[in-house]
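Engineer: Predicted model and sequence below, questions to follow.
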Amino acid sequence: MGIVTGLCLILLTGAAWLCLARMVRTCSLADRAVALDLLLLVTVLAIAVYEVRRNSTEFLDLLVVVSLLGFVGTATVARFIERRGA
């Protein structure tokens, strides 16, 4: 199980770096919002894999908070972009 979770964490780290590169390279606000939402999703997945690796439930409330933060943040940015007309 340790090899699988280690491989998952490595792949999630690569995905996080790609999200950060997408946030830096792109010009539009919508692309940056999607990249940030994906980065938050990768963060949630990394915390979940870490919890499976440790066989504990210590950070489950953190998973809920980060997920809600991602949802509310994405909805807020989408509303801002809609009103701005970008």
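Structural biologist: On my side now, so go ahead.
Engineer: Tell me where this protein has helices.
Structural biologist: Using DSSP state H, the helices of the chain run over 2-25, 29-54, 60-84.
Engineer: Among the ones you listed, show me which one is buried the most.
Structural biologist: Most buried of the helices of the chain, by mean neighbour count (mean count of other C-beta atoms under 10 Å): helix 29-54, with a mean of 17. C-beta: built from backbone N, CA, C; applies to glycine.
Engineer: Now mean pLDDT too, for the helices of the chain, in CSV please.
Structural biologist: Shown next, in CSV, are the helices of the chain (pLDDT from 0 to 100):
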stretch, mean pLDDT
helix 2-25, 93
helix 29-54, 91
helix 60-84, 89
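Engineer: give the contact list for the residue nearest the centre of the chain.
Structural biologist: Centroid check for the chain by C-alpha atoms, centre = their mean gives Leu40 as the closest residue, at 1.9 Å. Residues near Leu40 by C-beta atoms under 8 Å, 6 or more residues apart in numbering: 66-67, 69-70, 73.
Engineer: and if we set it to 6 Å?
Structural biologist: Contacts for Leu40 (C-beta atoms under 6 Å, 6 or more residues apart in numbering) come out as Gly70.
Engineer: For it, give its distance to Val4.
Structural biologist: 23 Å (C-beta to C-beta, to the nearest Å).
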